[in-house]
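1. Pasting the sequence and the predicted coordinates here, then a few questions.
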Amino acid sequence: MREFEFISRIKTAAQKTKNPVIKSIGDDCAILPHSRTSDMLISTDSLCEGVHFSRKYFTAYEIGAHAFAVSVSDICAMGGRPLYALVNIAFPKSTPQKYIDTLYRGLADYADNYCTDIIGGDTISAPQIMVTVTVIGEVENGKALRRDRAKPGDAVFVTGTLGDSYAGLRILSKKSRSKLLGHEYLPVKKHILPQPAYMEGRVLLQSNMVNACMDLSDGIASDLARICEESGTGAEIRVDDLPISFSAQRTAEQYGESVSDYALYGGEDFVLMFTVAKKNIKKLSRYIKANSMTAFEVGRITGKKGITLVKNGRKIIETGKKAWNHF
């Protein structure tokens with residue numbers, strides 16, 4: 001079963017809510033009423049050994065830090081402020097206590113970086129390490145950056161380079177970290193310790209010009225399809241305009257692979273992707289520059305459903321076959 005189909009089934013089953021809900025399944029976070037000035041944001045993510053990370057190249061500390069970063073990124077994507085976290089951790093019974101303590105320290109340090117308090121959770125034994133982090137945050141009433149408000153004609157932007165994390169994964173699958181070349185350090189660091197876009201999310205929210213937004217966790221081809229599904233639109237991605245670092249380009253060449261595939265399908269870049277009305281592009285560009293941000297225009301929202309890739313002047317229908325799929 002495809003992941004999108006699975007989520008769609010859950011969404012259909014959970015449509016009727018018994019308590020006040022502003023936004024349920026289908027976005028980076030659930031949005032709940034909270035106070036006269038703010039809405040509550042809640043998101044959760046799970047990382048499983050052998051699927052999301054390997055102890056061959058992740059230290060215990062880095063597993064914890066990575067797990068928190070992935071979860072807090074969803075709060076950042078909606079322009080929110082993280083406040084609290086719940087942490088569930090599963091370990092094999094044979095795991096040394098020092099290893100467990102070090103992993104938790106990675107979680108705690110990254111939480112502290114984002115002024116987030118860990119307030120509870122659970123621990124169990126399991127055949128492999130698994131970490132689930134639930135982050136609770138807040139955002140100004142009605143201001144959350146959502147996926148379901150993209151409009152035909154909107155320009156699509158990203159706040160950073162794409163494909164670096166996947167380049168890092170490819171490097172780590174080929175060699176030990178003690179043998180990295182100069183151009184390999186950046187992608188490996190981006191894969192191991194992503195930096196959620198907290199400042200960027202707050203700047204975009206305060207601009208009052210962004211229609212839709214999300215963080216890039218599964219690659220722009222898959223994630224833009226999520227915005228389109230929620231907004232009832234389609235989109236074009238200009239492949240030749242995707243921002244790609246020298247490190248990612250060099251890595252793809254090194255392994256005889258396509259760097260555009262790294263950018264389109266690699267995932268875990270955790271930069272923000274957002275849409276803005278054509279009339280606001282110049283104004284938003286000035287605002288972004290004034291706030292020391294970067295943003296790259298990479299496509300547009302269309303009225304015709306589906307994702308189209310534009311490369312070397314040719315249009316190709318994106319089928320999703322190369323995209324990451326959990327199922």
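-> Now that the structure is in, tell me what you want to look at. Residues are numbered from 1 along each chain as shown.
2. so who does the residue in the chain sticking out farthest from the centre touch?
-> Within the chain, S94 marks the point farthest from the mean C-alpha position, 32.5 Å out by C-alpha atoms, centre = their mean. Applying C-beta atoms under 8 Å, 6 or more residues apart in numbering to S94 gives no contacts. For the C-beta atoms, the positions are set from N, CA and C on the backbone; glycine is no exception.
3. and it, how far is that from Q128?
-> Distance of S94 to Q128, given as C-beta to C-beta, to the nearest Å: 11 Å.
4. again, but for G320
-> Taking C-beta to C-beta as the measure, G320 falls 28 Å from Q128.
5. what comes up buried for stretch 174-188?
-> 180, 183-184, 186-188 (16 or more other C-beta atoms under 10 Å).
6. from those residues, which is closest to E200?
-> L186 (18.8 Å; C-beta to C-beta).
7. Could you tell me whether the closest one really is in a helix?
-> Yes. Per DSSP: H, G, I helix; E, B strand; the rest coil, L186 lies within a helix segment.
8. For the closest residue to it other than its chain neighbours, grab phi and psi.
-> Of all residues not flanking L186 in the chain, S247 sits nearest, at 4.7 Å (C-beta to C-beta, 6 or more residues apart in numbering). Note on S247: backbone dihedrals following degrees, to the nearest 10 are phi -60, psi -40.
9. got it, and D223?
-> Phi and psi for D223, reported as degrees, to the nearest 10, are phi -70, psi -30.
10. could you list every residue that touches the residue nearest to L186?
-> 164, 167, 183-184, 186-187.
11. With pLDDT as added columns, please give those residues in a markdown table.
-> Below are the contacts of S247 laid out as a markdown table (pLDDT from 0 to 100):
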| residue | pLDDT |
| --- | --- |
| D164 | 98 |
| A167 | 98 |
| H183 | 95 |
| E184 | 97 |
| L186 | 96 |
| P187 | 97 |
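12. Nearest to F68, out of the residues you listed: which one, please.
-> Comparing those against F68 with C-beta to C-beta places D164 closest, at 19.7 Å.
13. For whichever strand or helix holds K283, give the mean pLDDT please.
-> Assigned by DSSP states H and E, K283 falls within helix 281-290. Across helix 281-290, the average pLDDT comes to 97.
14. For it, name the packing helices and strands.
-> Contacting helix 281-290 under the criterion 3 or more C-beta pairs under 8 Å, 6 or more residues apart in numbering; DSSP states H and E are the following elements: helix 198-207.
15. so the helix it packs on versus helix 281-290, what angle?
-> With axes from the mean of the first three to the mean of the last three C-alpha atoms, to 10 degrees as the basis, helix 198-207 and helix 281-290 are set at 140 degrees to each other.
16. List the buried residues in helix 198-207.
-> Of the residues in helix 198-207, 198, 200-205, 207 count as buried by neighbour count, 16+ other C-beta under 10 Å.
17. so A65 makes contact with P196?
-> No. Under the criterion of C-beta atoms under 8 Å, A65 is not in contact with P196, lying 11.2 Å apart.
18. quick one, what contacts the residue nearest to V139 when sequence neighbours are not counted?
-> Closest residue in space to V139, ignoring its immediate chain neighbours: G80 at 3.9 Å, by C-beta to C-beta, 6+ apart. Contacts of G80 were listed using C-beta under 8 Å, 6+ apart, and they are 29, 41, 137-139, 144, 201.
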